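**Q** mind looking at a prediction? Sequence and model below.
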Amino acid sequence: MTRHAPGTSVQAGVSGEVAAFVKKVGEVARPNAAQDGRLLFALDATMSRQPTWDLACSLQAEMFKAIPKSSALQVQLLYFRGFGECRASKWVLSGDSLAKLMSGIQCQGGRTQISKVFAHARSEHARRRINAVIYVGDAIEENPDLLAEKAGQLGLLGLPLFIFQEGHDPQVEAAFKEFARLSKGAYARFDASAPQELAALLKAVAAFATGGRDMLRLQSGPQAQALLSQLQS
């Protein structure tokens, strides 16, 4: 798998699908944009995901680079793996802190627990508003109709899901797109061999989480500018 070298630009080589995703993000209305952004970063950590987990570890700092020094981004890591294990970290304010959390986690075999991701997002959002949820995965081993209902509930609460799919499973794609639509979020597929795609997606959602459309419009490059047309209002 191609690795993302330090200092490599993430502005080049982004696919049209990813660019369209970036454009769509900017059309989601985000209330309370003046407050610190809060972003739930959820990943499938089952065994098939180890290469992409390693990639996400190397790229997660891009989220913090997308916001100006006058703003702040709080990120909570949520992952599932093994036999029913689903854990959430504390909220952190830096790429270094998030990297430390992620570096100590190894993927393990197990089934998907997307339902727990959605339930946790709703619970955290009830305590204090979360501006966006990122979910990265490649499979669904749960009832998609029940997951769709939970995604719709998040949409009613004003909590959009930004779902990034690795791979080309058409059934997974259809379900992920429906979850994103029902939550008034957005979907994109990325290629793990092209790390700049995932980096662009992470940066775009971070910009949205901290300042909504206005912040996203300030991001340079085709990825962020393209994100301005996908999401539902």
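**A** Great, that's in hand. Numbers count the residues shown, from 1 in each chain.

**Q** C-alpha from now on. contacts and neighbour counts both.
**A** Fine.

**Q** where are the low-confidence patches of the chain?
**A** Along the chain, the parts satisfying pLDDT under 70 run over 1-14, 26-35, 68, 70, 213-233.

**Q** helix, strand or coil for the residue positioned nearest the centre of it?
**A** What sits nearest the mean C-alpha location of the chain, by Cα atoms, centre = their mean, is Ile134, with 2.1 Å. Counting by DSSP: H, G, I helix; E, B strand; the rest coil, the backbone at Ile134 sits in strand.

**Q** so it bridges to which residues?
**A** Ile134 has these beta-bridge partners by DSSP bridges: Phe41, Phe162.

**Q** my guess is Lys24 meets Lys184, correct?
**A** No - Lys24 lies out of contact with Lys184 (Cα atoms under 8 Å); the separation is 10.5 Å.

**Q** who has more neighbours out of the two?
**A** Using other Cα atoms under 10 Å as the criterion, Lys24 and Lys184 rank with Lys184 on top: 26 against 23.

**Q** wait, a helix at the more buried one?
**A** No - per three-state DSSP, Lys184 lies outside any helix segment and is coil.

**Q** ok, it touching Ala151?
**A** No - with contacts counted by Cα under 8 Å, Lys184 stays clear of Ala151, the gap being 9.0 Å.

**Q** where do the contact lists of the two overlap?
**A** Listed as contacting both Lys184 and Ala151 by Cα atoms under 8 Å, 6 or more residues apart in numbering are Leu161.

**Q** who's in contact with the residue lying farthest from the centre of the chain?
**A** What lies farthest from the middle of the chain is Phe83; by Cα atoms, centre = their mean that is 23.5 Å. With contact set as Cα under 8 Å, 6+ apart, Phe83 has these partners: Gly109, Gly110, Arg111.

**Q** now the buried members of the residues you listed.
**A** When the contacts of Phe83 are checked for burial by 16 or more other Cα atoms under 10 Å, the buried set is Gly110, Arg111.

**Q** as JSON lines, the contacts of Phe83 with secondary structure would be great.
**A** Written out in JSON lines, the entries for the contacts of Phe83 read as follows (three-state DSSP):
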{"residue": "Gly109", "secondary structure": "coil"}
{"residue": "Gly110", "secondary structure": "coil"}
{"residue": "Arg111", "secondary structure": "coil"}
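
**Q** can you get me a residue count around Lys100?
**A** For Lys100, the count of nearby residues is 11 (other Cα under 10 Å).

**Q** revised request: answer the last question for Lys116.
**A** 18.

**Q** thought it was touching Cys86?
**A** Yes - with contacts counted by Cα under 8 Å, Lys116 reaches Cys86, the gap being 7.3 Å.

**Q** okay, buried residues for stretch 116-130 please.
**A** Applying 16+ other Cα under 10 Å to stretch 116-130 flags Lys116, Val117, Phe118, Ala119, His120, Ala121, Arg122, His125, Arg129, Ile130 as buried.

**Q** also stretch 193-211?
**A** In stretch 193-211, counting by 16+ other Cα under 10 Å, buried: 194-211.

**Q** render the CA-only coordinates of it in CSV, please.
**A** Once non-C-alpha atoms are left out, stretch 193-211 reads as follows in CSV (Å, rounded to 0.1, in the frame of the first residue of the first chain):
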residue,chain,number,x,y,z
SER,A,193,-3.6,3.2,-2.3
ALA,A,194,-4.2,7.0,-2.8
PRO,A,195,-3.8,8.5,0.7
GLN,A,196,-4.3,12.0,-0.5
GLU,A,197,-8.0,11.1,-1.0
LEU,A,198,-8.6,10.2,2.6
ALA,A,199,-6.6,13.2,3.8
ALA,A,200,-8.7,15.5,1.7
LEU,A,201,-11.9,14.1,3.1
LEU,A,202,-10.7,14.4,6.7
LYS,A,203,-9.6,18.0,6.2
ALA,A,204,-12.9,18.9,4.6
VAL,A,205,-15.1,17.5,7.4
ALA,A,206,-12.8,19.1,10.0
ALA,A,207,-13.3,22.5,8.4
PHE,A,208,-17.0,22.0,8.3
ALA,A,209,-17.1,20.9,11.9
THR,A,210,-15.3,24.1,13.1
GLY,A,211,-17.0,26.6,10.9
